[in-house]
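Student: Make a model of this:
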Amino acid sequence: MHSVKAKIGDREIVLETGKLAKQADGSVVVRFGDTQLLVTACSAKEKKEGLDFFPLTVDYIEKLYSAGRIPGSFFRREGRLTEKETLTSRFIDRPLRPLFPEGYQNETQIMANVISHDQENESDVHAITGASAALHISDIPWNGPIAGVRVGRIGGKLVANPTNKQRETCDLDILIAASRDAIVMVEGGAAEATEADMVEALMFGHASVQPLIAAQDELRKLVNKEKRKFEAPKPDMALKARVVELATAGVKAAYQKHDKMERYAALGVVKKEIVAQLCAEGAPFAKRDKEVKAALEDLKYDYMRGMILNDKIRIGARKFDEVRRITGEVGILPRTHGSALFTRGETQALVATTLGTAEDEQRVELLTGMTFKKFMLHYNFPPFSVGETKPLRSPGRREIGHGALAERALKAVLPEEAKFPYTIRIVSDILESNGSSSMASVCGGCLALMDAGVPIRAPVAGIAMGLIMEGERFAVLSDILGDEDHLGDMDFKVCGTAVGITSIQMDIKILGVNRAIMTQALDQARAGRLHILAEMQKALPTSRADISQYAPRITTLKIRPERIKDVIGPGGKVIKDIVARTGCSVNVEDDGTVSIASANQTQVDAAVKMIKGLTQDAEVGKIYLGTVRKIMEFGAFVEIFPGTDGLVHISDLAAERVKKVTDVLNEGDEVLVKCISVDRSGKIKLSRKEALGEQAEKKA
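Tutor: Below is the predicted model:
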């Protein structure tokens, strides 16, 4: 067994290999505190024929036994990946994929299993390092290593890999993957951080991973496994030259078209003609359709990048920092609680906000225990949005990732639960797509929240930045199109308010980006974001003063925790009766907060009255109209409000002497009584005599 250590801040991370999963091509155990992950890498020995992509699969799996928990599902075993596992799988995949050699098409699988969790140290970020180490020590061809770190900021100080408890107080929380020379992936959010602060955090993260990079190199030397020989397939230069000769004019003409569907149709015609001309029976490259199509893709790649770097022209004739035309509409769906239609160029999102009660919270099972989400954003990308026909499936990793990015961007500006106790769900349906649909979801989601009357702290907008880089030359592009994303080197999404950044995500296809490029991209993104916010304000400047008439009205009141039992009742009998009689949703928290919700205010008022009646305390000196519930020899028990009664002693029934209680009162009688004392145990002493006396004085 081999083991190496690296210090990140004042914490130690251990990488071990040679003990577990020895038949995998690469196997590493990552230890951080008592949190441990087993990460394996396997790759087929032969190329899978017929593929035009790299078949890489990455799965991050949280074994609940690692935290001493049994799954809460019916089957009591782990099922499909949770949202957190899916997002973490994406975190691992995104920085690893570009580092495999071009042309490598052997089926490859990375699996990161959490096998011990100490409830204090998060495991997701270490899965990136573990996956890199497993690939680095294996014989799989790969151009690593990289490492992952989470950067938090507490009280103005940057911290590497903060604990779960520390993260609760962080005003900046980002996950970074970096190589020895540059940052390769970013994901996270902040409480309106400035661009300068974000750059400092990114550079801090890059410096923090360097000991982990060195540790992986040391582990590789100890294992001393030789990499497989792999030679990328060499292109047929004659075929490539012929494609360039025949297709350049058509490609150039296609990229002059501003409309996406017209451009794609023109490129489709070029492809069809080139294949027919070069691959038909008896043609020079017969039955080599795939190679011809690949050469055409290379031509499109080279032409578009050259158009930007050499001619300084983008598709659509936009400037590098120019944002496409924006329109926004709100309130377009009459029966939703809030809705918006946001259009930027050829990207369009229909977004709806729904307000719910505590009963609508999402229950989430994590290694740290059960938790509840009061804010959800769900992103849908139907095939018609890009003019395609595909069978509908459950949301994929891309949809979940885009939804999480937009959710994080908007969550930062939501009101406190005490001021707005609603469960909020946003659904973004993409109706058209040509780049930046997740950022359209942020902008549309913000407008839909405002249309629903959610008192957000400030409007939020998002913009996607791109990069074209050849050697030392580069161009940073604002509000990228699908082509600029597909053929470019970077997809850098930045969301925030006019004050600062709330969410950030970066993926690159090159070896990394440096501080200068990062700074320019963030500054350019800020200018674009401010422009978009100004356009959004034309649709709706501020949140509506009130929520929709169709949304539930939530009223909260506070009762003493010891009175919760009076509202619940034995077996929930009392609260069920309140719900049945008023039609309201009633939720009681452990701290005594009671939330009553209904779209009908009259019903809410009725439920509030009933709960106040059940939980109010008797006030000494106050007169009540009560009901006689029980007659005893020594007096009568009178209910002064629901669930609360007191004793009227026989001596306090009247001014004159009373021989029998029933001479004055009978069960069911309504009687005026005055509260004369409440002892420490809560027993209430009442007096009919004093109540009658006060009434007589008032009349006199």
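
Student: elements contacting the lengthiest helix in the chain?
Tutor: As assigned by DSSP state H, the longest helix anywhere in the chain is helix 515-539. Applying 3 or more CB pairs under 8 Å, 6 or more residues apart in numbering; DSSP states H and E, one finds that helix 515-539 contacts helix 195-208, strand 326-330, strand 338-344, helix 437-451, strand 461-470, strand 473-478, strand 490-496. For glycine as for every other residue, the C-beta is placed from the backbone atoms N, C-alpha and C.

Student: For A606, which of the ones you listed is the nearest?
Tutor: Set against A606 and scored by CB to CB, those come closest in strand 338-344, at 27.3 Å.

Student: Can you name the element that comes right after the closest one?
Tutor: strand 347-356 (DSSP states H and E).

Student: mean confidence for that following strand?
Tutor: Average pLDDT, strand 347-356: 97.

Student: residues making contact with that strand?
Tutor: The contact list for strand 347-356, computed with CB atoms under 8 Å, 6 or more residues apart in numbering, reads 333, 336-343, 422-437, 440-441, 443-445, 447-449, 451-452, 454, 547-548, 551-552.

Student: Repeat that for stretch 192-211.
Tutor: 6-9, 129, 146-149, 151, 153, 158, 160, 171-172, 174, 176, 178, 180, 182-183, 186, 190, 412, 458, 496-497, 499-502, 504, 515, 518-519, 522-523, 525-526.

Student: What are the buried residues along it?
Tutor: By 16 or more other CB atoms under 10 Å, the buried positions in stretch 192-211 come out as 192-193, 195, 197-206, 208-211.

Student: same check, this time on stretch 546-562
Tutor: 547-548, 551-556, 559.

Student: Next: stretch 374-384.
Tutor: In stretch 374-384, counting by 16+ other CB under 10 Å, buried: 374-381.

Student: Count residues in the vicinity of K48, would you?
Tutor: 11 (other CB atoms under 10 Å).

Student: give the contact list for it.
Tutor: With contacts defined as CB under 8 Å, 6+ apart, K48 is in contact with 55, 105-107.

Student: Please spell out the PyMOL selection for the buried subset of those.
Tutor: Selection of buried members from the contacts of K48 for PyMOL, criterion 16+ other CB under 10 Å:
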select buried, resi 105+106+107
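
Student: what's the closest of the contacts of K48 to A238?
Tutor: Among those, and counting by CB to CB, the member closest to A238 is Q105, at 23.3 Å.

Student: That closest one sits in which helix or strand?
Tutor: Applying DSSP H and E, one finds Q105 in no helix or strand.

Student: gap between it and N143?
Tutor: 16 Å (CB to CB, to the nearest Å).

Student: Same check on S428?
Tutor: In terms of CB to CB, S428 sits 36 Å off from N143.

Student: Of the two, give the one with the bigger neighbour count.
Tutor: Higher neighbour count among S428 and N143: S428, with 30 against 13, using other CB under 10 Å.

Student: Tell me the spacing between the closest residue to that one other than its chain neighbours and A349.
Tutor: Distances taken as CB to CB, 6 or more residues apart in numbering put S441 closest to S428, at 3.8 Å, once the chain neighbours are dropped. Separation of S441 from A349 (CB to CB): 5 Å.

Student: Which residues are in contact with each of the two?
Tutor: Listed contacts common to S441 and A349 are 428, 430; contacts here mean CB under 8 Å, 6+ apart.

Student: Between the two, which has more neighbouring residues?
Tutor: S441 (34 against 31).
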